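K.L.:
the sequence and its predicted three-dimensional model are supplied below.
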Amino acid sequence: MSVALNLDQPSQPQKTLPHHALSPELATRLATPLAIGTVAVHSRVLQSPLSGVTDLVFRRLVRRYAPQSMMYTEMVSAAELHHMRKLPRVMEVDPDERPISIQLFDRRPDFLAEAAKKAVDQGADTIDINMGCPVNKITKNGGGSSLLRDPDTAARIIETVSAAVSVPVTAKTRLGWSEDDINAVDFAQRLETAGAQMLTLHGRTRSQGYNGTADWSWIAKVKQALSIPVIANGDIFSVDAAIECLEHTQADGVMCSRGTLGYPFLVGEIDHFLKTGECRTPPTVVERLRCAQEHLTMLAEYKGKSGIRQARKHMAWYAKGFDGAAELREQLCRIESVDAGCRLLEDAITVISPELCRHPPLKTAIV
Ligand SMILES: Cc1cc2nc3c(=O)[nH]c(=O)nc-3n(C[C@H](O)[C@H](O)[C@H](O)COP(=O)(O)O)c2cc1C
């Protein structure tokens with residue numbers, strides 16, 4: 001038997017977490033809107049930019065469960081934008097999609113300013129500058145995390161882009177280039193002085209890539225040193241982790257990243273908890289697979305054949321936590337059509353143990 005999932009309706013809240021909720025002072029502070037310059041955001045949980053993932057379709061899914069959260073486009077190359085006549089698909093934003101930030105990367109302030117103007121025309125509420133990407137292709141041209149080693153240019157970028165657009169300009173960066181070269185506090189202060197209206201800090205260095213554990217203690221130090229909002233990023237995989245991170249860092253919000261892969265429910269779960277003190281019932285395995293079917297269908301409608309190819313990895317991320325999941329993932333990675341993908345998922349749903357059609361128990365322990 002298949003279980004219908006109404007994706008328009010977030011799951012209902014269940015019960016209050018017992019202890020270890022946010023401290024009263026922090027809860028009070030986080031109950032106010034997040035002020036990014038002149039933009040007020042009514043959620044303290046943000047969906048990160050994820051290249052190859054956070055397209056318009058993915059954001060629609062996340063927004064169903066977290067309608068007030070700030071979302072980011074995938075990073076957009078300011079250089080490519082300069083040479084292209086047509087706007088790239090990664091810059092497409094739903095007309096009613098708010099709040100939305102368009103993230104740009106490059107090292108040239110003038111290119112970034114030109115790109116920022118186009119982003120504002122597209123409907124961006126804020127412009128975010130990528131100062132954290134560790135990928136060689138980006139850093140060898142001086143963009144992404146290599147700006148950590150060139151704070152003068154990074155500051156000039158913020159000044160130039162801020163002067164070019166009327167919306168707030170923000171930055172997302174890391175702790176430093178390497179463990180021997182952590183400069184997050186100085187770097188962040190330079191960006192604030194240059195006019196950045198918010199800073200998101202990923203608690204890893206460039207040389208760590210995505211390995212090891214995010215070090216939230218540096219985020220706490222940066223938060224103490226700045227007046228603009230600081231958003232903590234790195235290893236936010238659950239409501240528990242978000243609360244622990246907020247307490248530890250006293251940050252103004254958290255940004256979810258890999259925790260949302262195959263799980264567009266996470267931002268909404270954390271947002272709901274911060275607003276109500278209650279845990280939203282997590283989706284069942286069947287509900288997750290239904291969401292995968294919908295994600296695949298939407299991607300194909302939006303991007304055609306390339307959408308189906310892109311959907312393969314998403315499908316594999318959804319297919320977890322039940323007998324036969326590994327085999328299903330292998331098959332999903334080869335799908336050539338929406339029908340084939342939906343059929344594979346439907347077959348899995350029909351044989352899934354009745355237990356997995358039920359909601360998992362709420363996790364209440366907070367570390
Ligand atoms: C597949 C993937 C794509 C990413 N793309 C971007 C991007 O376009 N812009 C950006 O600032 N960070 C990007 N990141 C970094 C994440 O936004 C985030 O900072 C990082 O994953 C740390 O958070 P986590 O430990 O919760 O995953 C990407 C990460 C992954 C795994």
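P.N.:
Sure thing, it's come through.
K.L.:
show me what whichever helix or strand Thr350 is part of is packed up against.
P.N.:
Here Thr350, judged by DSSP states H and E, is contained in helix 338-351. Secondary-structure packing of helix 338-351 (3 or more C-beta pairs under 8 Å, 6 or more residues apart in numbering; DSSP states H and E): helix 285-303, helix 305-318, helix 325-332. No exception for glycine: its C-beta is placed from N, CA and C like everyone else's.
K.L.:
same thing but 6 Å
P.N.:
Packed against helix 338-351, as judged by 3 or more C-beta pairs under 6 Å, 6 or more residues apart in numbering; DSSP states H and E, are the following elements: helix 285-303.
K.L.:
so what's the residue count around Thr350?
P.N.:
By the criterion of other C-beta atoms under 10 Å, Thr350 has 10 neighbours.
K.L.:
residue contacts, it?
P.N.:
Shown in contact with Thr350 (C-beta atoms under 6 Å, 6 or more residues apart in numbering): no residues.
K.L.:
okay, it: pLDDT?
P.N.:
Predicted confidence (pLDDT) for Thr350: 91.
K.L.:
equivalent analysis for Ala21, please.
P.N.:
At Ala21, pLDDT is 73.
K.L.:
to what extent is it buried, counted in neighbours?
P.N.:
Residues near Ala21, counting by other C-beta under 10 Å: 16.
K.L.:
so it lies in a helix, does it not?
P.N.:
No. Counting by DSSP: H, G, I helix; E, B strand; the rest coil, Ala21 is located in no helix; its state is coil.
K.L.:
which ones are touching it?
P.N.:
Counting by C-beta under 6 Å, 6+ apart, Ala21 has contacts Gly277.
K.L.:
would you map the strands across the stretch 151-300 of the chain?
P.N.:
For the stretch 151-300 of the chain, applying DSSP state E, counting those that start in this stretch gives strands covering 169-174, 176-178, 181-182, 199-202, 230-233, 253-256, 278-280.
K.L.:
quick one, which of the ones you listed gets closest to Val351.
P.N.:
Val351 sits nearest to strand 278-280 of all the strands of the stretch 151-300 of the chain, at 27.6 Å, using C-beta to C-beta.
K.L.:
which secondary structure elements does the closest one contact?
P.N.:
Under the contact criterion of 3+ C-beta pairs under 6 Å, 6+ apart, strand 278-280 touches strand 13-16, helix 266-276.
K.L.:
next secondary structure element downstream of the shortest one?
P.N.:
Translated: strand 13-16. Past strand 13-16, the next helix or strand by DSSP H and E is helix 24-30.
K.L.:
would you mind identifying the next helix or strand past that next one?
P.N.:
strand 34-36.
K.L.:
closest to Arg29 out of the strands of the stretch 151-300 of the chain?
P.N.:
Per C-beta to C-beta, nearest to Arg29 of the strands of the stretch 151-300 of the chain: strand 253-256, 10.5 Å.
K.L.:
Ser51 against Tyr72, yeah?
P.N.:
No. Between Ser51 and Tyr72 there is no contact under C-beta atoms under 6 Å: 10.4 Å.
K.L.:
more neighbours: these two, which one.
P.N.:
More crowded of Ser51 and Tyr72, by other C-beta under 10 Å: Tyr72, with 24 against 17.
K.L.:
picking that back up, considering the strands of the stretch 151-300 of the chain, which stretch scores lowest in mean pLDDT?
P.N.:
Note on the strands of the stretch 151-300 of the chain: lowest mean pLDDT is at strand 278-280, with a mean of 92.
K.L.:
buried ones in that one?
P.N.:
The neighbour-count check on strand 278-280 (16 or more other C-beta atoms under 10 Å) flags 279-280 as buried.
K.L.:
tell me which parts of the protein are close to the ligand?
P.N.:
48-53, 74-75, 103, 130, 132-133, 172, 202, 210, 214, 233-236, 257-259 (C-beta under 6 Å from any ligand atom).
K.L.:
how far does stretch 24-36 sit from its chain's centre?
P.N.:
Computed by C-alpha atoms, centre = their mean, to the nearest Å, the chain-centroid distance of stretch 24-36 equals 20 Å.
K.L.:
right, I mislabeled it, should have said stretch 250-258
P.N.:
Distance of stretch 250-258 from its chain centroid, counting by C-alpha atoms, centre = their mean, is 9 Å.
K.L.:
and the contacts of it?
P.N.:
So stretch 250-258 is contacted by 34, 44-46, 48, 200, 219, 223, 229-233, 236, 242, 245, 266-267 (C-beta under 6 Å, 6+ apart).
K.L.:
just the CA trace of that stretch, in CSV.
P.N.:
Extracted C-alpha coordinates of stretch 250-258, given in CSV (Å, rounded to 0.1, in the frame of the first residue of the first chain):
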residue,chain,number,x,y,z
GLN,A,250,25.8,32.5,20.1
ALA,A,251,25.4,32.9,16.3
ASP,A,252,22.5,34.8,14.8
GLY,A,253,21.4,31.7,12.9
VAL,A,254,22.4,28.4,11.4
MET,A,255,22.8,27.4,7.8
CYS,A,256,22.1,23.8,6.7
SER,A,257,24.1,22.2,3.8
ARG,A,258,24.8,18.5,3.3
